[in-house]
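A.B. asks: Sequence first, predicted coordinates after that:
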Amino acid sequence: MDKLEFIMRWPELGKEVRVVPVDHNEALFRWFLENLPTSCLQTHTVVAGFSLFMLNLPMKKTFPWRQEDLPLEDIVQMPKGRFTFFMTTGKVANLSCKWGEVTEPMSYITWAEVADQDKPTLFEVGKKIYDTAMGSTKEIVHVEFDLPGDKGVKPWQALKARIDAENERIRMDPPEEVVKVVHYRIVDTRAGTDGQALSNWFFSATDIRYVQAYLYNIVRLSMDARYTTAQIKVMARTMVAQPAEFAGYCGFHKLWDFAKQVIEALPEMESRDDVLELLNSLLLYSANLNAWIHHYFPWKLNYVYPHRDPAEVLEMAKYVNGAK
């Protein structure tokens, strides 16, 4: 390999840093390069101090060492930006990257470090990930590891991949939020005045259908060349945000999370085809939600308010204007 370094990237944050070897465990560094590209969920330590956590990073090649056979460092004393391997065996890697004070007096395999010029970016990302871990909104951030010059997936492509994965997951199995809100009447936001479930169902199901219908029409209109890519993006931002946000308030958080990220991604997208690829994924997700809501909705409630037949209407007319 021409250059011993790799890129650590957070697509949702639009940030990346370069990572270089340290003065020991170079063989491990080279082995890691042979496993790229790879990616996983980005998490954060909550006991030992301020480090980024990669707990489920898949490797192509089996990890060939035991921890006790390689040089170790005290993670309290090691520099900020340095990487550890811990509890790594087989083809699953566990990594940490120190970005702030660490208090756990343990020694682990160290093998890489963020380039000095990029450490301010690491510190910025570390603070963001820590705030997410400690917050309640739990925004999802992924971390990617790539070779230099490999731009990897663009943020909108990573988002599309997540929506597509969820679409595949719920195509044949119900989304948890539909089961929770519609089937079991559990609404964590307390939407539904005075504990009403029916009103929450009515408005959330309607707004989810709005999201699907609006996206359907936006994609359909995109086939008309008179509508520019900029206009398509304005339509999506204007029409999808309100019903998706309200559905989120009603308990369908993932729809609003996906819709919000799509809307945020649109300004940086230039290709009409790319925009439509992303919108089509969100369209399918809203369609999946709509189908499962249709399945779980207690349609038997219709029997409480059936249609009036002509005889009933005539009987009711007797009471109009004090006729009876």
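C.D. replies: Nice, thanks for sending it over.

A.B. asks: Can you pull out the low-pLDDT segments for the stretch 1-150 of the chain?
C.D. replies: For the stretch 1-150 of the chain, residues meeting the criterion pLDDT under 70 lie at 1-2, 150.

A.B. asks: Apply 80 and report the result again.
C.D. replies: Counting by pLDDT under 80, the ranges of the stretch 1-150 of the chain that qualify are 1-3, 87, 89, 136-137, 149-150.

A.B. asks: residue ranges for the strands of it, please.
C.D. replies: With strands called from DSSP state E, counting those that start in this stretch, the stretch 1-150 of the chain shows them at 6-10, 15-21, 38-41, 43-44, 49-58, 72-74, 82-85, 92-102, 107-114, 142-146.

A.B. asks: want to try a markdown table for these, with distance to Y296 as columns?
C.D. replies: For every residue, glycine as well, the C-beta is placed using N, CA and C. Supplementary listing: the strands of the stretch 1-150 of the chain in a markdown table, determined by distance: least, Cβ to Cβ, whole Å:
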| stretch | distance to Y296 |
| --- | --- |
| strand 6-10 | 36 |
| strand 15-21 | 40 |
| strand 38-41 | 29 |
| strand 43-44 | 32 |
| strand 49-58 | 31 |
| strand 72-74 | 53 |
| strand 82-85 | 45 |
| strand 92-102 | 36 |
| strand 107-114 | 48 |
| strand 142-146 | 31 |
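
A.B. asks: mind checking which of the ones you listed is nearest L301?
C.D. replies: Relative to L301, the nearest member of those by Cβ to Cβ is strand 38-41, separated by 40.2 Å.

A.B. asks: Show me what that closest one packs onto, helices and strands only.
C.D. replies: The contact analysis (3 or more Cβ pairs under 8 Å, 6 or more residues apart in numbering; DSSP states H and E) places strand 38-41 against strand 49-58, strand 142-146.

A.B. asks: Neighbouring strands - and their directions - for the shortest one?
C.D. replies: Which is strand 142-146. Strands adjacent to strand 142-146 in the sheet, as given by DSSP bridges, are strand 6-10 (antiparallel), strand 38-41 (antiparallel).

A.B. asks: for the first one, same thing?
C.D. replies: Partner strands and pairing direction for strand 49-58 (DSSP bridges) are strand 43-44 (antiparallel), strand 92-102 (antiparallel).

A.B. asks: Give me the residues contacting it.
C.D. replies: Strand 49-58 has contacts (Cβ atoms under 8 Å, 6 or more residues apart in numbering) with 38-45, 75, 91-104, 125-126, 129-130, 143, 145.

A.B. asks: Of those residues, select the buried ones using a PyMOL command.
C.D. replies: The following PyMOL command selects only the buried members of those, with burial defined by 16 or more other Cβ atoms under 10 Å:
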select buried, resi 38+39+40+42+43+44+45+75+93+94+95+96+97+98+99+102+125+126+129+130+143+145
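
A.B. asks: how about F6, what does it touch?
C.D. replies: Counting by Cβ under 8 Å, 6+ apart, the residues that F6 touches are 18-19, 32-33, 36, 112, 145-148.

A.B. asks: my bad, should have said F29
C.D. replies: Applying Cβ under 8 Å, 6+ apart, one finds that F29 lies in contact with 4, 21, 111-112.

A.B. asks: Greatest separation within those: which pair is it?
C.D. replies: L4 and W111 (11.3 Å).

A.B. asks: any shared contact partners between those two?
C.D. replies: Shared contacts of L4 and W111, defined by Cβ under 8 Å, 6+ apart, are found at 21, 26, 29.

A.B. asks: want to throw those residues into a markdown table with distance to P11?
C.D. replies: Converted to a markdown table, the shared contacts of L4 and W111 look like this (distance: Cβ to Cβ, whole Å):
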| residue | distance to P11 |
| --- | --- |
| P21 | 25 |
| E26 | 29 |
| F29 | 23 |
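
A.B. asks: ok, which stretches of the stretch 201-324 of the chain are helices?
C.D. replies: Listed in chain order, the helices of the stretch 201-324 of the chain (DSSP state H, counting those that start in this stretch) span residues 229-249, 253-265, 272-296, 310-317.
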